[in-house]
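Enquirer: Coordinates for the following, if possible.
(2 chains)
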Amino acid sequence: MKLGRVGGSPDVSRLVRRYGLGLMLAALVFVFWLLNPNFVGIATLDNVITQNSAIAILAIGMTFVIISGNIDVSVGAAMGFLAMVLGVVYRNTGSLPLAVTVSALAALAVGLFQGGLVGWLRISSVIVTLAGFIWLRGVAFGLTSASSVPIEGFLVDIMLAEVPPGIPLLLILVAAVFAVAWLLLNRTRFGRYLHAVGGDEGGAAQAALPVAALKTSAMVLAMFAAFGAAMVETGRLAVAQPNAGIGFELDAIVAVVIGGAVLTGGSGSLSRTLLGVAFIAVLNVGLNSLGLRDAHFLVAKGLVILSVLAIEVSNRSRESAPSRATANDRQQETV
Amino acid sequence: MTVTSRDRQNEQDTTVPGRRLRDRAGSFGIVFVAAALFITFSVTSENFLTVTNLLNILQQVSVIGVIAVGMTVLLILGGIDLSVGSTALLGATVAGLFTTYGWPDALGIAMAVAAGATVGLANGLLIEKAGIDPLIATLGSLIAARGVAQMLLLLEDSWIWVNEGLLAAIGTGSVLGIPYTTAVMAIVYAIAALLLLRTATGRRIYAIGGGAVAAHRAGIAVTRIRIMAYVLSGLLAGLGGVLVAARVGVVSPPIGLGMEFVVITAVILGGASIAGGSGRVERTFLGVLIIGMVLNYMTIRGIAASWQSAVTGLTILAATVLDHWLRRTTEGVT
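Expert: Coordinates of the predicted model:
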């Protein structure tokens, strides 16, 4: 069995591990600038923020789920579902605050439902959220027979507002979400327990941690993130659409993983997730600015993501050789 | 060889007593679910239980049925492939282009299958050699393969008709009353069942699923077998693409969108575990049939497509929970 290379020059590899993603992000910006000198500009920065804030919010929620050792592939479909819950209530009552509240409650309900199946019934999060991916999108289209609902009111104003002038309010909102999430993950008992559950579920259970409740809460947080993202997309476009968030779950998961989280749980950091989001965002906007057609866009994006991951993963395995040996030791004990 | 936590989990699994019993309980659960649905549908709709309709279901599920075989082998090994839907589009596109350009159809089908196998090989190398998590690697190739396929489709303005030649014949013809696409699916299942249950390779595959580390120590070429499984998955996805093109008669970009999810749920309904180690093709086939029956029944009852996918998703969830519950009760352990 390959344990990775031990020794070599640990200082260099630690530096690469620490700043590798930042370097690759800088390289990506540089390449887009070479290909298109107009790429670096205020307009582009605006684009990066407004077009990708939904993905940023989703990725923040996804970080909690992945740290707890699960995954949620239903968040994109949930965006469509929650947008349409908002749309239907708004169309029938004319009250936007009521519509937003009902949509938030729907997010809570879906999160508790899926989280409960995963946490208490111990059904694989992959299968539960795969099913969610199918039925949530189905309900989203079914609610209005696939038609969209135009929205007017504070939701739209918030997304367009600039406070102070020049800085989108949306940016401040995303920063606030990030700050709250960071405190929750790094400064509370909940955050510590979540790491423990994802890192070693058996040990966490023996330490009498509420494993099921912790896993469920992480999935509820992911649904609240989907709610936030749905509100952002609905407000930004001034219309509630059943196809909101198609493919967003992929961007969110990739951002978290590029940011260094391991899908098997226990590790992951919000600031690095944000770096991952920045990478995905620059990639999305950059490829768009080159005027790539859909097909070429997909190929380029897929290839860039795969190569970044290959580089990141090989860096990590070189760095974490000792910890991997520990993982094997633990395995020996359990056998 | 990379040791993932799935491997670790499997190591622990082998120590669980009554594994055989649980497997048997699992297969009982899925048979029960399939039978219950079949009876309910037959009683509540007079159009469901007819020879034509049952053959129709078997034809409709042939594509996801074929692809689910590759996914079953991968899940046994502790792997997963999210790129099968995109690979199916790639296969359909390659086969369709050969027909359009008047090149030999048989060669086109072979090239479509080869294109699928190539995607599978890339997946296998990324996962087993570069050490990328299977979910992430195949997510990347899901995006890239769809992109390549759509680029090829642009050559023909994203729309290829397939209404003549060998491809169309496969889609519309039948042998002894059984549609060709269904026959292809039956052959694939027969071969896969023989491979898994009657050959040394099959035993090795289950050995790896039961515990990759132990299998490695026992001298089994874990990495090579896993890579071959990804190639098989890609190859069958390419073949699935050929069957879509043949059956639908047109190749267009939406082919295979979300197909990976339907395939994976069929396999998991069939009792395979995401954690690896378990899975049987004959039970996968039952999972495929359940999905096929549910979709068919809703079409008969005239339910709108969007609600159909809502009901499908919830049925899958209900079946999983029921299956899980049955296994737990039979096992007598919590």
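
Enquirer: Please count neighbours and contacts with C-alpha atoms only from this point.
Expert: Will do.

Enquirer: closest point of chain A to chain B, which residue?
Expert: A:Trp135 (3.6 Å; CA to the nearest CA).

Enquirer: What helix or strand is that residue located in?
Expert: helix A:125-143 (DSSP states H and E).

Enquirer: Give me the mean pLDDT for that helix.
Expert: The pLDDT scores in helix A:125-143 average 89.

Enquirer: Then stretch A:272-286?
Expert: On average, stretch A:272-286 scores 88.

Enquirer: can you tell if that stretch touches chain B?
Expert: No - on the criterion CA under 8 Å from any CA of the partner chain, stretch A:272-286 is out of touch with chain B, staying 12.7 Å away.

Enquirer: how about the residues of the stretch 1-150 of chain A near chain B?
Expert: A:1-2, A:123-124, A:126-128, A:130-142, A:145-146.

Enquirer: Now the buried members of those.
Expert: A:123-124, A:126-128, A:130-142, A:146 (16 or more other CA atoms under 10 Å in any protein chain shown).

Enquirer: Which neighbouring elements make contact with whichever strand or helix holds B:Asn123?
Expert: Using DSSP H and E, B:Asn123 sits within helix B:105-124. Helix B:105-124 sits against helix B:84-100, helix B:134-154, helix B:165-172, helix B:222-248, with contacts defined as 3 or more CA pairs under 8 Å, 6 or more residues apart in numbering or on different chains; DSSP states H and E.

Enquirer: Switch those helices over to CSV, and while doing so, append distance to B:Val294 to every line.
Expert: Listed next are these as CSV, based on distance: least, CA to CA, whole Å:
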stretch, distance to B:Val294
helix B:84-100, 20
helix B:134-154, 27
helix B:165-172, 23
helix B:222-248, 20
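
Enquirer: what's the closest of these to B:Ile57?
Expert: helix B:222-248 (12.9 Å; CA to CA).

Enquirer: what is the orientation angle of the closest one with helix B:84-100?
Expert: 50 degrees (axes from the mean of the first three to the mean of the last three CA atoms, to 10 degrees).

Enquirer: do helix B:222-248 and chain A meet?
Expert: No - using CA under 8 Å from any CA, helix B:222-248 stays clear of chain A, coming no nearer than 10.5 Å.

Enquirer: Run the chain-centre distance for the following helix or strand past that helix.
Expert: Once the chain leaves helix B:222-248, the next helix or strand it forms, by DSSP H and E, is strand B:250-251. In terms of CA atoms, centre = their mean, to the nearest Å, the centre of strand B:250-251 is found 21 Å from the chain centre.

Enquirer: Which pLDDT value goes with B:Thr72?
Expert: Reported pLDDT for B:Thr72: 95.

Enquirer: Please report how far it lies from chain A.
Expert: 14 Å (CA to the nearest CA, to the nearest Å).

Enquirer: That residue touches B:Gly277, doesn't it?
Expert: No - the pair B:Thr72 / B:Gly277 is not scored as a contact, 10.4 Å apart, by CA atoms under 8 Å.

Enquirer: The residue nearest to A:Gly228 when sequence neighbours are not counted: how many residues sit nearby?
Expert: Closest residue to A:Gly228 apart from its sequence neighbours, by CA to CA, 6 or more residues apart in numbering or on different chains: A:Ile57 at 6.9 Å. Neighbour count for A:Ile57, taken as other CA atoms under 10 Å in any protein chain shown: 27.

Enquirer: Can you verify my assumption that A:Ile57 contacts A:Met223?
Expert: No - contact criterion CA under 8 Å: A:Ile57 and A:Met223 do not qualify, at 10.6 Å.

Enquirer: Tell me, how many residues neighbour the residue of the stretch 201-334 of chain B found nearest chain A?
Expert: Using CA to the nearest CA, the single residue of the stretch 201-334 of chain B nearest to chain A is B:Ala310, 3.6 Å away. Neighbourhood size, B:Ala310 [other CA under 10 Å]: 22.

Enquirer: For it, pull up the helix or strand it's in.
Expert: Assigned by DSSP H and E, B:Ala310 falls in helix B:305-331.

Enquirer: Can you give me the buried ones in that helix?
Expert: For helix B:305-331, by 16+ other CA under 10 Å, it's B:305-317, B:319-327, B:331.

Enquirer: tell me the centre residue of the chain?
Expert: You didn't pick a chain, so chain A it is. A:Ala59 (1.5 Å; CA atoms, centre = their mean).

Enquirer: To clarify, I was referring to chain B.
Expert: Mean-position check on chain B, CA atoms, centre = their mean. Result B:Ala68 at 1.4 Å.

Enquirer: Pretty sure that residue sits against B:Ala266.
Expert: Yes - counting by CA under 8 Å, B:Ala68 sits close enough to B:Ala266 to count as a contact (7.1 Å).

Enquirer: Mutual contacts of these two, please.
Expert: B:Thr284, B:Val288 (CA atoms under 8 Å, 6 or more residues apart in numbering or on different chains).

Enquirer: re the thing from before, ok so the residue nearest to A:Gly228 is a helix residue?
Expert: Yes - per DSSP: H, G, I helix; E, B strand; the rest coil, A:Ile57 lies within a helix segment.

Enquirer: show me what contacts it?
Expert: So A:Ile57 contacts A:Val174, A:Val177, A:Phe178, A:Ala225, A:Ala226, A:Gly228, A:Ala229 (CA under 8 Å, 6+ apart).

Enquirer: Tally up the residues packed near A:Gly265, please.
Expert: Neighbours around A:Gly265, by other CA under 10 Å: 25.

Enquirer: okay, the nearest residue to it once chain neighbours are set aside: pLDDT?
Expert: Nearest residue to A:Gly265, sequence neighbours excluded (CA to CA, 6+ apart): A:Gly69, at 3.6 Å. For A:Gly69, the pLDDT comes out at 90.

Enquirer: Got phi/psi on A:Gly69?
Expert: phi 90, psi 10 (degrees, to the nearest 10).

Enquirer: Can you give me the neighbour number for it?
Expert: 25.

Enquirer: pLDDT weak spots in the chain?
Expert: You didn't pick a chain, so chain A it is. In the predicted model, chain A carries pLDDT under 70 at residues A:1-18, A:42-43, A:293, A:312-335.

Enquirer: Oops, wrong one, chain B.
Expert: Short version for chain B, where the test is pLDDT under 70: B:1-28, B:323, B:326-334.

Enquirer: Let's see that with 80 instead.
Expert: Across chain B, the ranges flagged by pLDDT under 80 are B:1-30, B:158, B:163-164, B:258, B:271-277, B:312, B:315-316, B:319-320, B:322-334.

Enquirer: before we move on, the earlier item: the residue nearest to the centre of chain A: what's it in contact with?
Expert: A:Ala252, A:Ile253, A:Ala255, A:Val256, A:Thr273, A:Leu274, A:Val277.

Enquirer: give the contact list for the fifth one.
Expert: With contact taken as CA under 8 Å, 6+ apart, A:Thr273 is in contact with A:Ala59, A:Ile60, A:Thr63, A:Ala255, A:Val256, A:Val257, A:Ile258, A:Gly259, A:Gly260.

Enquirer: Kindly tell me how buried the second one is, as a neighbour count.
Expert: Counted with other CA under 10 Å, the burial measure for A:Ile60 works out to 28 neighbours.

Enquirer: same thing with the fourth one?
Expert: Counted with other CA under 10 Å, residues neighbouring A:Ala255 total 30.
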